[in-house]
Each structure stands twice: as C-alpha cells, then as structure tokens.
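Novice: got a sequence here, can you model it:
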Amino acid sequence: MGSDLNITKKLQDYILSHGLNLHPVQKEIINYNTSLGDIKRMQISISQSQFLHLIIKILNVKKVLEIGTFTGLSTVSMALALSDHGKIISLDKNEETNKVAIDFFKKANQIHKIKTLIKPALESLDEIKNEKFDLVFIDADKMNYIKYYERSLELLNKDGLIIIDNVLWYGEVVNANSTDKFTKNIKEFNDHISKDTRVEKLIIPLGDGMTVCRKL
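Specialist: Prediction:
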C-alpha cells in the first residue's frame, strides 16, 4: 500500500516552483504579510492559493462566499480564477486589514468582483441568508467553525463545495494529551464533518490542512 510523502521544505519549494505562477499582486500580498511578524500565520499557504484557483477554474464556479479575508491573498487567488462576471462576498470584522485587502483587490484589477462585509461573520451571514453560492471558503475564528459550516451548507448550491482551512491545526489534532481549547474545538469540528452524511468529504494535507466537502 502506498503512503503519503513527508514534505520537507526542499520538496515543498520544488512543488511550488513547478505549480501555477503567482500573479504579481499575490507576491506583493505575501511579502507584505511577511513584514507583519507572527500574524502572518493567518495567511493561507501558496499551495492552498494555487489549489483554490484551480478548483474554481475546473468547476467553473460563478459565486464564492469567503469567511475570513485577512489581507486578501485567498480572495485575490479566487477572484483571478473567476470569469469577469464572477462574484465573491468576503466576510471579516477587522476594518484595518480589510482596508489593506481592498487596496490589493484594486491593484489586481479584481475589485469589481469582490464585495466585503465588515462585522462579525455570523451577523453578515444573517444579511446574506437568501444568497446561494457555488463555493464557500472558511478560514476565520476557529471557535465558530461548526456554526460557519452549518450556515454555509444552507447557502450552498447542490454539488457545491465548502473548503475549510486549518483542520490539522499544526499537527496538534493527533495529540491526545492536548488541553488547548482551539485544538479541542478543531477536533470536535473534524468529528462533526466526518459524521455528516449530507456531504462527501476529504482532508487534504495542504498548508495547515484543508477539508473539502461536496454537498449532496
């Protein structure tokens, strides 16, 4: 039986160098985030940005909901893959990082595809309860993951995808002795998804782990 590779930094660099080329604005966002110090961890990985871009192209996604914008790398990555008439609604409660993200959206000439809502995501989800989406990407506060997932499933078209980031939580999900509340919450979330018969699902070890769910 085959087994998964242990991805070293050298191998990761090789993978990235042979994947999709980054747009100049994607590179600019990554460089900007590097200057922020530890908070950079809120950024998705490059391989995840490439994955989101390709998934949208393959499935011909028209409308995206994003829960968690940060400085806009995932948003720009998805917007670049959308047709000119595609749409992203991106939710975040941080006004300062949203201003930075909007500047990047403009630089990438993608601002016409993107609408941001700045308030707690559960409140924004109430506002858009009559919308329907082809893809939802969740990468926000981990303690509300189950709530975000359940609300997103209601907004998702049949055969649509929900993609959730950070589901391996720096590898801590397999630490049976962890007492960290975030680790415990991610493990509960993963258990919730694994038992959900409304979707087909798969955990992909990209970045900090991504779960991909298809609504049946």
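Novice: from now on I want contacts and neighbour counts done on CA atoms only, so please keep to that.
Specialist: OK.
Novice: could you list the low-confidence segments of this protein?
Specialist: Counting by pLDDT under 70, the low-confidence segments of the chain come to 1-3.
Novice: give me the longest strand you can find in it.
Specialist: Of all the segments of type strand in the chain, defined by DSSP state E, the longest one is strand 156-165.
Novice: which strand or helix spans the residue nearest the centre of the chain?
Specialist: Most central in the chain under C-alpha atoms, centre = their mean is Phe137, positioned 4.2 Å from the mean C-alpha point. For Phe137, the host element (DSSP states H and E) is strand 133-138.
Novice: buried stuff in that strand?
Specialist: 133-138 (16 or more other C-alpha atoms under 10 Å).
Novice: what angle do it and strand 156-165 make?
Specialist: 20 degrees (axes from the mean of the first three to the mean of the last three C-alpha atoms, to 10 degrees).
Novice: in its sheet, what does strand 133-138 sit against?
Specialist: strand 63-67 (parallel), strand 156-165 (parallel) (DSSP bridges).
Novice: so what touches the longest one?
Specialist: Just to be clear, that refers to strand 156-165. Applying C-alpha atoms under 8 Å, 6 or more residues apart in numbering, the contact partners of strand 156-165 are 44, 132-139, 149, 152-153, 208-216.
Novice: in the chain, which spans are strands?
Specialist: Ranges of strands in the chain, per DSSP E, are 63-67, 87-92, 114-118, 133-138, 156-165, 199-204, 210-215.
Novice: can I get those in CSV with distance to Asp103?
Specialist: Listed next are the strands of the chain as CSV, based on distance: least, C-alpha to C-alpha, whole Å:
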stretch, distance to Asp103
strand 63-67, 18
strand 87-92, 15
strand 114-118, 12
strand 133-138, 21
strand 156-165, 24
strand 199-204, 31
strand 210-215, 27
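Novice: out of those strands, the one nearest Ala101 is which?
Specialist: strand 114-118 (9.7 Å; C-alpha to C-alpha).
Novice: that closest one vs strand 87-92, what angle?
Specialist: Between the axes of strand 114-118 and strand 87-92, defined by the same axes, to 10 degrees, the angle is 20 degrees.
Novice: end-to-end on stretch 164-183?
Specialist: Start-to-end span of stretch 164-183 (C-alpha to C-alpha, to the nearest Å) is 15 Å.
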